[in-house]
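Predicted model and sequence follow; I will ask about them next.
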Amino acid sequence: MQGLFEPLETETREGAQLAPVVLAVALDQTYDYIVPAGLEVEPGCFVLVPFGPQSRIGVVWDKSVGEPGKPVDPKKLKVITARLDAPPLPEISLRFAEWIAKYTLAPLGMTVRMLMSARAVFEPQKPRFGVTIVGGAAEPPRMTPARQRALEIAADGAIRAKAALAAASSCSTGVVDGLVASGNLVEVAIPEKRPPVPDPCHRVTEFSPEQDAAVHALRSAVDGANFSVSLLDGVTGSGKTEVYFEAVARTLERGHQALIMLPEIALTDQFMRRFEARFGAPPVEWHSALSGPERGRVWKQTATGEARVVVGARSALFLPFSDLGLIIVDEEHDAGYKQDDRVHYQARDMAVVRGSLGAFPVILASATPAIETHVNARTGRYRHVVLPGRFSGASLPDVTPIDLRVTPPDKGKWLAPPLVDAITKTMADGQQSLLFLNRRGYAPLTLCRSCGHRIDCPQCTAWLVEHRFRGKLHCHHCGFSIPLPEKCPKCAEPGSLVACGPGVERVAEEVAERFPGARVALLSSDLIPGLTEMRDMIRNIEAGGIDIVIGTQMVAKGHHFPNLATVGIVDGDLGLAQGADPRAGERTFQLLHQVTGRAGRALTEGRGYVQTHMPEHPVMQAIISGDREAFLEAEIANRRKGLLPPYGRLVALVVAARDKETAQLVARDIAHRAPRSEKIEVLGPAEAPLAVIRGRHRWRLLVKAPREIDVQAYLRAWLADLPPLKGDIKLTVDIDPYSFL
Ligand SMILES: Nc1ncnc2c1ncn2[C@@H]1O[C@H](COP(=O)(O)OP(=O)(O)OP(=O)(O)O)[C@@H](O)[C@H]1O
Ligand SMILES: [Zn+2]
């Protein structure tokens, strides 16, 4: 790509060559810097520049961006300090950063910052040194058995770290040092490990006729060598992964890199193994559990093209791929693709943008596609590739509602008798059960029986959640925590506190009581120390070492547990109460459908049970009947009528301040200054449902615009005219919001 760059646009002022630079800070423009004589810079390369009193890293841009304001006095121009060693960003990364900044209204510097997500790349590299044998050297003057062993092992000519050689020859590193001193070994830099290369022809998968048609459609999208979006819409267990692997294979054959995005990369051990079985080598992983140096290595390997297939979380989209030719967004409906921090972007949508900028195909895969994606497939904007049945031939699980009004659980218990019976029977059959509750901890509320006090977070409008295993009360919004109190913090009555409602820990407690012989696994992100432990646990479940799995949403996604027969949803109504969220119904449907879809994937029969107080609710009806199409029709009709996405566009503005009145006044003032428009509605301000987070009071505005309106232009005009926000007041702009709290 770099060859396609236009020559750098530079001006000459008083003979100096200038380069526009974007700094990775919250500023929306380039700054001109003098390129010192003898230094070569090109667009995309990283430079160190003085900025105010500091030194900062910036990216040389290929044109000036933003309002440079008054021309800078040439005498005040500063000089680039140095060019950094990191590979330059390809041109497409610059265009991508600009696109996202424009779309999300984030400053360009902040989207550029996302392109620099591996700090190690920009730090001076300390090469690691190892030792290797010196051919033809004379025997060391003093030969010991230890020296002998070390030399025998080193004889193969490999480069090893000193410690590794010492360990292999059961001697101390002192022995190795001695051999370096005697000239028998020499210290050399250890070359960076190259990632193994996936082989598109490693294994030939036999496909069913239905799968084969889908494979064909996706392959031809790759062969089209142009931008297209395909929705791979297949029921749970239909083999979407195996099918899209063929698109990856084709991309590799054509010599391009591929990116597979997964919502929960920490849980993808199974996925990695399947990839390796298909391609003979693992993909390169990108996620938050990587160490700093690992991140640096992956970042570089995507730039050099050594990384052929990257599997990553949403931030993988910002890696500097030199020749990306395919993006797959698996579980494309997953709300985890929306980033609600700093730059508010929806990674699935930005993957589509990246594909269009790079003129290559994008594949969105899901068993429960987002309404937006469905509409795009129906209108023909996306290709619709369907896998209607499970690969194993098994049918989708039957889902039975358990009406909690009719058969409630015993007092102080959470599993209703029909669900308990189902688990008992499943255990007797030697099969697995899964209990799903999307709530971490033991109980969501701790109440004083004596004075009625509810223990809440001092900094947020939220109750503290009891985590009994860790003996703490926790705020899930700000991380605040206190040890479990023994008496009421308000009335000081000892022993008066009671836990209300269930979290997964409490369900686990009940399961242990009811099924004393069962082997139980509790999967909740806060209870598992790390990636390795998590992967071990998943493998154990897969291998049948567990009878009852209890988990939060981390068990809902993507797993394939062959022996799992029964899925019980402890609280089916949990996601439906999110008042203002237009996606609450859709999201609940997706989650419940995905969870029940874990059952009966390899066995002939799977069963799902949903505990609910409202079995007649349309979402419950859709889950129970399995009639996805009817549910979609109703949801799509609702969206159309309400001008909700994708028929209309939403933007959330959130004003936050330490002082409640200030937040409200500022929000009102902002609303008041909204430019008049016949077509655009500005709703609010209203106090946010989560009225206080981390001690900041929050007020929300919601902008509703028809699809065809350039809502960014409207917002830009509006925001440009606002008086500067004083003190600690913060305004967040969230285009296409997913959170309405
Ligand atoms: N053609 C095939 N040959 C062999 N095994 C297959 C084939 N297709 C699917 N499978 C197996 O069937 C199981 C389900 O496939 P897969 O996990 O790809 O489905 P999925 O559609 O991605 O499911 P979900 O949406 O529930 O995650 C896996 O164990 C997979 O290896
Ligand atoms: Zn809090």
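Arrived safely. Numbers count the residues shown, from 1 in each chain. Ligands and ions are numbered 1, 2, ... in the order given.

Could you pick out the residues of this structure near ligand 2 for me?
By Cβ under 5 Å from the ion, the part of the chain that sits against ligand 2 consists of Cys457, Gln459, Cys460, Cys475, His477, Cys478, Phe480. For the C-beta atoms, the positions are set from N, CA and C on the backbone; glycine is no exception.

Contact partners for the fourth one?
I take that to be Cys475. Cys457, Gln459, Cys460, Ala462, Leu464, Val465, Ser481 (Cβ atoms under 8 Å, 6 or more residues apart in numbering).

Could you list which residues are in contact with the closest residue to it other than its chain neighbours?
Spatially, and ignoring its direct neighbours in sequence, Cys475 is nearest to Cys457 (3.9 Å; Cβ to Cβ, 6 or more residues apart in numbering). For Cys457, the contact set (Cβ under 8 Å, 6+ apart) comprises Trp463, Leu464, Cys475, His477, Cys478, Phe480.

Export those residues to JSON lines and append columns for pLDDT, secondary structure and distance to Pro562.
What follows is the contacts of Cys457, written out as JSON lines (pLDDT from 0 to 100; DSSP: H, G, I helix; E, B strand; the rest coil; distance: Cβ to Cβ, whole Å):
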{"residue": "Trp463", "pLDDT": "92", "secondary structure": "strand", "distance to Pro562": "39"}
{"residue": "Leu464", "pLDDT": "93", "secondary structure": "coil", "distance to Pro562": "39"}
{"residue": "Cys475", "pLDDT": "93", "secondary structure": "coil", "distance to Pro562": "39"}
{"residue": "His477", "pLDDT": "87", "secondary structure": "coil", "distance to Pro562": "38"}
{"residue": "Cys478", "pLDDT": "87", "secondary structure": "coil", "distance to Pro562": "41"}
{"residue": "Phe480", "pLDDT": "92", "secondary structure": "coil", "distance to Pro562": "42"}
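
By neighbours, which of those residues wins?
Leu464 (26 neighbours; other Cβ atoms under 10 Å).

circling back: what's the distance between the residue nearest to Cys475 and Ile482?
Counting by Cβ to Cβ, to the nearest Å, the gap from Cys457 to Ile482 is 10 Å.

Common neighbours of those two, please.
In contact with both Cys457 and Ile482: Leu464, using Cβ under 8 Å, 6+ apart.

Next, give phi and psi for the closest residue to ligand 1 within the stretch 101-250 of the chain.
With Cβ to the nearest ligand atom as the measure, Gly239 is the residue of the stretch 101-250 of the chain nearest to ligand 1, at 2.9 Å. With angles defined as degrees, to the nearest 10, Gly239 sits at phi 100, psi 30.

and which of the contacts of Cys475 is nearest to Trp299?
Taking Cβ to Cβ as the measure, Trp299 lies nearest Ser481 of the contacts of Cys475, at 34.5 Å.

Run through the residues that contact that closest one.
Leu464, Lys472, Leu473, His474, Cys475.

okay if I get those residues as a markdown table plus distance to Ile735?
Listed next are those as a markdown table, based on distance: Cβ to Cβ, whole Å:
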| residue | distance to Ile735 |
| --- | --- |
| Leu464 | 33 |
| Lys472 | 37 |
| Leu473 | 36 |
| His474 | 31 |
| Cys475 | 28 |
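
Those: which two are farthest apart?
Checking those with Cβ to Cβ, the most distant pair is Lys472 and Cys475, at 10.4 Å.

Got the confidence number for the residue nearest to Cys475?
Model confidence at Cys457, given as pLDDT, is 93.

Repeat that for the one 5 residues further on.
Here, the pLDDT recorded for Ala462 equals 89.

Over to His216?
For His216, the predicted pLDDT is 97.

name the element it belongs to?
helix 209-223 (DSSP states H and E).

Next secondary structure after that helix?
By DSSP H and E, the next helix or strand past helix 209-223 is strand 228-234.

neighbouring contacts of that next one?
Contacts for strand 228-234 (Cβ under 8 Å, 6+ apart): 214, 217-218, 221, 240, 243-244, 332, 352, 355, 361-367, 369, 373-374, 376-377, 381-388.

Can you name the secondary structure element that comes next after that strand?
helix 240-253.

excluding its backbone neighbours, what's nearest the residue located most distally from the centre of the chain?
For the chain, the residue at maximal distance from the C-alpha centroid (Cα atoms, centre = their mean) is Pro141, at 58.7 Å. In this structure, Pro141 finds its nearest non-sequential neighbour in Ser182, 6.6 Å apart by Cβ to Cβ, 6+ apart.

And that neighbour, how far from Pro689?
Distance from Ser182 to Pro689, by Cβ to Cβ: 73 Å.

CA atoms of stretch 220-231 as PDB?
Presented in PDB, the C-alpha positions along stretch 220-231 are these (Å, rounded to 0.1, in the frame of the first residue of the first chain):
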ATOM      1  CA  SER A 220     -17.100 -16.300  -4.700                       C
ATOM      2  CA  ALA A 221     -17.300 -13.100  -2.500                       C
ATOM      3  CA  VAL A 222     -13.600 -13.500  -1.900                       C
ATOM      4  CA  ASP A 223     -12.900 -14.200  -5.600                       C
ATOM      5  CA  GLY A 224     -14.900 -11.100  -6.500                       C
ATOM      6  CA  ALA A 225     -11.900  -9.200  -5.000                       C
ATOM      7  CA  ASN A 226     -14.100  -6.300  -4.200                       C
ATOM      8  CA  PHE A 227     -16.100  -4.800  -1.400                       C
ATOM      9  CA  SER A 228     -19.100  -6.800  -0.400                       C
ATOM     10  CA  VAL A 229     -20.900  -7.700   2.800                       C
ATOM     11  CA  SER A 230     -22.300 -11.200   3.300                       C
ATOM     12  CA  LEU A 231     -24.500 -12.200   6.200                       C
END
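
Would you tell me whether it gets close to ligand 1?
No - judged by Cβ under 6 Å from any ligand atom, stretch 220-231 stays clear of ligand 1, getting no closer than 13.2 Å.

Give me the buried positions along that stretch.
The neighbour-count check on stretch 220-231 (16 or more other Cβ atoms under 10 Å) flags Ala221, Val222, Phe227, Ser228, Val229, Ser230, Leu231 as buried.

sorry, back to before: okay, and the residue farthest from the centre of the chain sits in which element?
Here Pro141 is assigned to no helix or strand, by DSSP H and E.

what number of residues lie near whichever residue of the stretch 301-450 of the chain sits closest to ligand 1?
Closest to ligand 1 within the stretch 301-450 of the chain is Phe391: 3.7 Å, counting by Cβ to the nearest ligand atom. Using other Cβ under 10 Å, Phe391 has 20 other residues around it.

Roughly how far does the residue lying closest to Val711 once chain neighbours are set aside sit from ligand 2?
Excluding the flanking residues, the one nearest Val711 by Cβ to Cβ, 6+ apart is Ala705, at 4.4 Å. Counting by Cβ to the ion, to the nearest Å, the gap from Ala705 to ligand 2 is 33 Å.

same question, Phe589
Taking Cβ to the ion, one finds Phe589 at 30 Å from ligand 2.

can you tell me the helix or strand for that residue?
Using DSSP H and E, Phe589 falls in helix 584-596.

Can you give the distance from that helix to the centre of its chain?
19 Å (Cα atoms, centre = their mean, to the nearest Å).

now the nearest residue to Asp736 once chain neighbours are set aside: how far from Pro646?
Computed as Cβ to Cβ, 6+ apart, the closest residue to Asp736 that is not its neighbour in sequence is Gln346, at 5.8 Å. Distance of Gln346 to Pro646, computed by Cβ to Cβ: 12 Å.

more neighbours, these two?
Neighbour totals were compared for Gln346 and Pro646, and Gln346 leads with 22 against 19 (other Cβ under 10 Å).

mind listing what that one touches?
Contacts of Gln346 (Cβ under 8 Å, 6+ apart): Tyr337, Lys338, Gln339, Asp736, Tyr738.

what do you get for Asp269?
Counted by Cβ under 8 Å, 6+ apart, Asp269 has contacts Arg535, Ile538, Arg539.

shaky segments in the stretch 51-200 of the chain?
68-71 (pLDDT under 70).

Mind jotting down where the strands sit in it?
Listed in chain order, the strands of the stretch 51-200 of the chain (DSSP state E, counting those that start in this stretch) span 54-60, 82-83, 129-133, 185-189.
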